[in-house]
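Enquirer: can't give you the sequence, but here's the structure:
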């Protein structure tokens, strides 16, 4: 591009008024230079949020420290932890929860104490203190959201209701248990409040709703429209139940697949009895025997299994040797991997107690699954105790052991000598009845080591328990 140069002698013409109006006139800012305004509000909001998180997290840390101090300062009374600051039972400990009782627990009624321990031990089994701690941390992080505050309280309420349900389902009277809750609530109110989270206890949140659930049928008289709607609901439910099959029938697809694999299923109240299509027609008799064994164990242990028991029935004892292969075959036919009890009709004819023995394994698996890893002999010992399976050969074997080596310590039982497990459960039953055996199993659910479970369930020191056990074994199996 070539620049255009003006001639030096050319006269310079002033712009006309029209052209001056057409040209833009630049504006000149005569004010001093200023920085653009700074937005301070994001920093202010972030500071407020951080301050809220810090305050609440400090509260969580302070509560955690207090709970640790509570555990350290608690002392053992008759094998249970107590603390003077506790006015109601509490469960403390995030990773290893423990139950701490008020100092006056030794004066409580035995039934009330068992209900309290069932409630608190369920808190420990469910790791509710850990859940409470996580809910507090969530509230600290999202403190600005109302849902975080509601969620913490809702989790605590549901936790208490779940533990209450376990107590009532364990055979404790609902009315008596409700009075225990009210007694602790009054004690907490008089003391000015309970200990801070992550401590959970019986006198926790949502007490009115919990009492309403315990007294659900008689809390408040229903109005006439409510009674009418409930009656309609009951009639509808009764109609549906009348139309439905009275037993737990398998789905058509499952039954068809079982037929194709050569297996059939007879469903009773608590059992799915599997048998081959060519099996003799004695399945109802076997199911009745199984239901009697279930009723016996459920009554003694005050426990209902979560799922129906899968029972494989064969003809002869020799067929039981292929139990693992039969289990795999049934699992392939149903498409569901389950544990099974394999029982022969021949065995039930000669030893009716065999069903109680094998079903005890099922209860042990569900109540205290980790205990058999620590002490494998416990499972066989419980089964033999529940079935009452003593004979001359067993008695002579124990007698020779007592006279030769003495009575071994329960923590050092040989794994291959399960007879000592039967002696141990017999001793517990002789001291505390079926309730003592039940408490020991549920204590093993929380503390698989036998010494810790004995202290929790029976309220005695392990050494004192061993001395009593040794005296019992010597008196029963020693020199006659």
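Expert: Received, thanks. A quick note: this is a predicted structure, and the numbers were derived from the prediction, not measured.
Enquirer: quick one: which helix or strand includes residue 50?
Expert: Using DSSP states H and E, residue 50 sits within helix 41-73.
Enquirer: what's the following helix or strand past that helix in contact with?
Expert: Counting by DSSP H and E, the next helix or strand C-terminal to helix 41-73 is strand 75-77. Contact partners of strand 75-77, identified using CB atoms under 8 Å, 6 or more residues apart in numbering, comprise 81-83, 103, 105-106. All C-beta spots, glycine's among them, are computed from the backbone N, C-alpha and C.
Enquirer: run the last query once more with 10 Å
Expert: Residues from elsewhere that reach strand 75-77 (CB atoms under 10 Å, 6 or more residues apart in numbering): 81-84, 100-101, 103, 105-106, 455, 459, 461.
Enquirer: Tell me which strands that strand pairs with, and in which orientation.
Expert: Sheet pairing for strand 75-77, assigned by DSSP bridges, gives strand 80-82 (antiparallel).
Enquirer: the helices in the stretch 101-250 of the chain, which residues?
Expert: Ranges of helices in the stretch 101-250 of the chain, per DSSP state H, counting those that start in this stretch, are 110-125, 128-141, 146-169, 174-191, 207-214, 224-243.
Enquirer: Any chance of a markdown table for these, columns mean pLDDT?
Expert: Listed next are these as a markdown table, based on pLDDT from 0 to 100:
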| stretch | mean pLDDT |
| --- | --- |
| helix 110-125 | 83 |
| helix 128-141 | 87 |
| helix 146-169 | 83 |
| helix 174-191 | 77 |
| helix 207-214 | 71 |
| helix 224-243 | 40 |
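Enquirer: these two touch, right, residue 326 and residue 311?
Expert: No: using CB atoms under 10 Å, residue 326 is not in contact with residue 311; the gap is 11.3 Å.
Enquirer: for the helix holding residue 50, which positions count as buried?
Expert: 53, 56-57, 60, 63-64, 66-67, 70 (16 or more other CB atoms under 10 Å).
Enquirer: how distant is it from the center of its chain?
Expert: 29 Å (CA atoms, centre = their mean, to the nearest Å).
Enquirer: Same check on stretch 425-432?
Expert: Distance, centroid of stretch 425-432 to centroid of chain: 27 Å (CA atoms, centre = their mean).
Enquirer: Could you list the buried residues of it?
Expert: 425-429, 432.
Enquirer: ok, the residue most central in space within the chain - contacts?
Expert: Centroid check for the chain by CA atoms, centre = their mean gives residue 126 as the closest residue, at 4.0 Å. By CB under 10 Å, 6+ apart, residue 126 lies in contact with 91, 97, 159, 162-163, 166, 200.
Enquirer: Return a PyMOL selection command for the buried portion of those.
Expert: PyMOL command restricting these to the buried ones, with burial defined by 16+ other CB under 10 Å:
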select buried, resi 91+97+159+163+166+200
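Enquirer: And the contacts of residue 126, which is closest to residue 291?
Expert: residue 166 (24.0 Å; CB to CB).
Enquirer: how close does the closest one sit to residue 445?
Expert: 12 Å (CB to CB, to the nearest Å).
Enquirer: Now do the shared contacts for the two.
Expert: 121-122, 125.
Enquirer: From those, list just the buried residues.
Expert: Here the buried ones among the shared contacts of residue 166 and residue 445, as counted with 16+ other CB under 10 Å, turn out to be 121-122.
Enquirer: I'd like the shared contacts of residue 166 and residue 445 as TSV, with distance to residue 378 appended.
Expert: Formatted as TSV, the shared contacts of residue 166 and residue 445 follow (distance: CB to CB, whole Å):
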residue	distance to residue 378
121	18
122	21
125	18
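Enquirer: if we can go back for a sec, would you point out the most distant pair within the buried residues of stretch 425-432?
Expert: 426 and 432 (11.7 Å).
Enquirer: picking that back up, shared neighbours of residue 326 and residue 311, anything?
Expert: Contacts common to residue 326 and residue 311, judged by CB under 10 Å, 6+ apart, are 274, 340, 342.
Enquirer: Just the buried subset of the residues you listed, please.
Expert: 274, 340, 342.
Enquirer: Run through the residues that contact the second one.
Expert: In other words, residue 340. 272, 274, 309-312, 323-324, 326-328, 330-331, 362.
Enquirer: now residue 74
Expert: Residue 74 touches 80-86, 92, 98-101, counting by CB under 10 Å, 6+ apart.
Enquirer: I only care about the residues you listed that end up buried; give me the PyMOL line for that.
Expert: Only the buried entries of those go into this PyMOL selection, using 16+ other CB under 10 Å:
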select buried, resi 80+81+82+83+85+86+92+98+99+100+101
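Enquirer: Could you export the contacts of residue 74 as TSV, including distance to residue 113?
Expert: Listed next are the contacts of residue 74 as TSV, based on distance: CB to CB, whole Å:
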residue	distance to residue 113
80	9
81	14
82	13
83	17
84	19
85	20
86	15
92	18
98	16
99	11
100	14
101	9
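Enquirer: next one: the helix or strand in which residue 457 is found to chain centre, how far?
Expert: Residue 457 is located in helix 450-458, with elements delineated by DSSP H and E. Relative to the centre of its chain, helix 450-458 is centred 19 Å away, using CA atoms, centre = their mean.
Enquirer: List the buried residues in that helix.
Expert: 450-451, 453-458.
Enquirer: ditto for stretch 350-370
Expert: Those would be 354-364, 367-368, for stretch 350-370 by 16+ other CB under 10 Å.
Enquirer: Pull the contacting residues for the residue nearest to residue 172 when sequence neighbours are not counted.
Expert: In this structure, residue 172 finds its nearest non-sequential neighbour in residue 115, 4.5 Å apart by CB to CB, 6 or more residues apart in numbering. Taking CB under 10 Å, 6+ apart, we find residue 115 in contact with 108-109, 164, 167-168, 170-173, 176-177, 180-181, 202.
Enquirer: As CSV, these with distance to residue 465 would be great.
Expert: Output for the contacts of residue 115, formatted as CSV (distance: CB to CB, whole Å):
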residue, distance to residue 465
108, 22
109, 24
164, 31
167, 26
168, 30
170, 24
171, 25
172, 25
173, 30
176, 29
177, 29
180, 28
181, 32
202, 28
